[in-house]
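**Q** no FASTA, just this:
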C-alpha cells in the first residue's frame, strides 16, 4: 500500500514532468508539483537536460525582448 502511494505521489512520466518544467515559466508551481519535478530530475538525465534547455531559451528570449528597449 505504501509503495503504491509513493508511486502515485512522486513517480511521473517524462511527459508530465516536462509539462511542469514548461509551466513553471508561465505560473508558479504548487509545493507538490515542485516536489514531483525535483524528485524526477534527481533520477532522469533527459529531463534535466530539457530543464537546462528551457532555462537557456527563457534567458535568451528575455534578452531579445529587452533588445529593442535599449537606446
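**A** Now that the structure is in, tell me what you want to look at. Predicted model, so just to flag it, every value in this text is computed and none were measured.
**Q** with adjacent residues omitted, what lies nearest to the residue positioned nearest the centre of the chain?
**A** In the chain, the centroid-proximal residue (CA atoms, centre = their mean) is residue 21; its distance is 1.9 Å. Of all residues not flanking residue 21 in the chain, residue 51 sits nearest, at 5.1 Å (CB to CB, 6 or more residues apart in numbering). (Glycine included, C-beta is placed from N, CA and C.)
**Q** ok, now which ones touch the residue nearest to the centre of the chain?
**A** 37, 47, 50-51, 54 (CB atoms under 8 Å, 6 or more residues apart in numbering).
**Q** can you rerun that using 10 Å?
**A** 14, 29, 37, 40-41, 47-48, 50-51, 53-55 (CB atoms under 10 Å, 6 or more residues apart in numbering).
**Q** which ones among these are found in helices?
**A** Counted as lying in helices by DSSP state H, out of the contacts of residue 21, are 14, 37, 40-41, 47-48, 50-51, 53-55.
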